[in-house]
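In: just need the structure, nothing else, for what follows:
(one chain, ligands or ions: 1)
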Amino acid sequence: MELEGLKRTMKVVEDMGVTLSDTTTDRHVQVRKYLRENKGHINHWFDSWHVAKSVKTKLTTLWKKRGCEKVAKWTQSISNHLYFCAATSEGDGDLVEQKWLSVLNHITNKHEGHGEKFPSCTHGPIERDWIKEGSKAHKELQLLLGKKRLVTDIRKLSPVDQTSGLEAHHKIVCQFAPKFVSFSYAVMKQRINLAALHTCSNAGRAQAITRDGQLRYSLSYPKYKGGKHIVKPVMEECSYDYIDDLNTELIRLRKTYNSHRKAQDAAHKLYISPPPLSSGASHVLKSDAILAHRSRFSGQ
Ligand SMILES: [Zn+2]
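Out: Predicted coordinates:
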């Protein structure tokens, strides 16, 4: 689904005459392969949040090992460090890599000699619960954070664009088209269009203000914080201005197509369903498939 979505979206954009130079996605295996083999001219970046989440999950498993308890106190800092590497290196792979690996020195209270491009840490004097160089925790962290596959992906962390805006939009799509209801292609497409109108009408909303002119915030305790809180800005009320535009369009269409039949014919031309994804599979006779299934599981 992810790959098919990417292919179709890229086609729509390219058909509009837009030249794509960069794209940011998660680390989906098929998407990586497709972009590498078919869209080599596009810089493929990875979204920091997805990479940070995977590193955090691995660190959470690690700190439960005997001798690695100190890793717990470092998990959030290491995750923050990943965002710092991505945001401050302008996509320079070597620089990102040296910054990332410098954390293995930093946690042992060593703040210099990281590499040519990033010789020393940028922070001032600090006091932390340092991890002893060569200790079990340090060795395990070297294995985990210095793993070749992870470092290769860290080098391609997106310097600018992140997918969080898109994910916020997906939440809005779920409001207009709940996942537990099955819609036909035409209905789904219109619901997605409505969600897009809502997102566009409400992009860049300002933060709400209290009666005495202070910025409004809310506190929440999300599961991923493990009992800790986060402070979120409260935004202004949503706008539904687009409903007026839709009503105007509705009246225009009512005048253009003066009978239900005419309107239906016009709509059918607009929403032609593409073939289902399974139509590309090679079809077999059901009786043959059952026969093969039975002989495989009967031990004969
Ligand atoms: Zn340091």
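In: what's the local residue count around the closest residue to S135 other than its chain neighbours?
Out: Nearest residue to S135, sequence neighbours excluded (C-beta to C-beta, 6 or more residues apart in numbering): G67, at 7.3 Å. Using the backbone N, CA and C atoms, a C-beta is placed for each residue, glycine as well. Residues lying near G67 (other C-beta atoms under 10 Å) number 11.
In: what does L62 give?
Out: Around L62 there are 18 residues (other C-beta under 10 Å).
In: surely it meets E69?
Out: No - L62 lies out of contact with E69 (C-beta atoms under 8 Å); the separation is 9.9 Å.
In: on that earlier part again, contacting residues around the residue nearest to S135?
Out: By C-beta atoms under 8 Å, 6 or more residues apart in numbering, the residues touching G67 are 135-137.
In: from those residues, which land in helices?
Out: Using DSSP state H, 136-137 are the members of the contacts of G67 that sit in helices.
In: for the residue nearest to S135, grab phi and psi.
Out: As for G67, its main-chain torsions (degrees, to the nearest 10) stand at phi 90, psi -10.
In: all numbers from here: first residue = 864
Out: Got it, first residue is 864 now, which makes that one G930.
In: now the helix or strand Q1005 falls within: mean pLDDT?
Out: Assessed by DSSP states H and E, Q1005 sits inside helix 999-1008. The average pLDDT within helix 999-1008 is 96.
In: what's in contact with whatever helix or strand A1058 lives in?
Out: Using DSSP H and E, the element containing A1058 is helix 1048-1065. Contacts to helix 1048-1065, defined as C-beta under 8 Å, 6+ apart, come from residues 1031-1032, 1035-1036, 1038-1040, 1046, 1101-1105, 1109, 1130, 1134, 1136-1137.
In: buried subset of the residues you listed, written for PyMOL?
Out: Buried subset of the contacts of helix 1048-1065, written as a PyMOL selection, criterion 16 or more other C-beta atoms under 10 Å:
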select buried, resi 1032+1035+1036+1039+1040
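In: how many other residues sit next to whatever residue of the stretch 1064-1163 of the chain ends up closest to the ion?
Out: Nearest residue of the stretch 1064-1163 of the chain to the ion, counting by C-beta to the ion: K1091, 24.0 Å away. K1091 has 9 neighbouring residues, counting by other C-beta under 10 Å.
In: swap in K902?
Out: 16.
In: can you check the pLDDT for it?
Out: For K902, pLDDT reads 94.
In: and this protein, which residues reach the ion?
Out: By the rule C-beta under 5 Å from the ion, the part of the chain lying against the ion is 969, 974, 984.
In: now render those residues as CSV, adding pLDDT.
Out: Listed next are these as CSV, based on pLDDT from 0 to 100:
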residue, pLDDT
H969, 96
H974, 95
C984, 94
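In: tell me which of those residues fall in helices.
Out: H969.
In: ok, so of the residues of the chain next to the ion, who is nearest A1152?
Out: Minimum distance to A1152 across these is 58.2 Å, recorded for H969 (C-beta to C-beta).
In: quick check: mean pLDDT across stretch 927-943?
Out: 93.
In: gap between the two ends of that stretch?
Out: Terminal residues of stretch 927-943 are spaced 21 Å apart (C-alpha to C-alpha, to the nearest Å).
In: distance between the worst-scoring helix or strand of the chain on mean pLDDT and the chain's centre?
Out: Every helix and strand of the chain was ranked by mean pLDDT, DSSP states H and E. The lowest is helix 1123-1133, at a mean of 86. With C-alpha atoms, centre = their mean, to the nearest Å as the basis, helix 1123-1133 stands 37 Å off its chain's centre.
In: contacts for that helix next, please.
Out: Contacts to helix 1123-1133, defined as C-beta under 8 Å, 6+ apart, come from residues 1049, 1116, 1120.
In: separation between the first one and C1063?
Out: Looking back up the chat, that one is A1049. Distance check for A1049 against C1063: by C-beta to C-beta, to the nearest Å, it reads 21 Å.
In: the more surrounded of these two?
Out: A1049 (14 against 11).
In: surely R899 is in contact with I905?
Out: No - counting by C-beta under 8 Å, R899 does not reach I905; the two are 9.9 Å apart.
In: out of these two, which sits in the busier spot?
Out: Comparing R899 with I905 by other C-beta under 10 Å, the one with more neighbours is I905, at 15 against 11.
In: skip the chain neighbours and tell me the closest residue to L1078.
Out: Per C-beta to C-beta, 6+ apart, closest to L1078 is Q1070, 5.2 Å.
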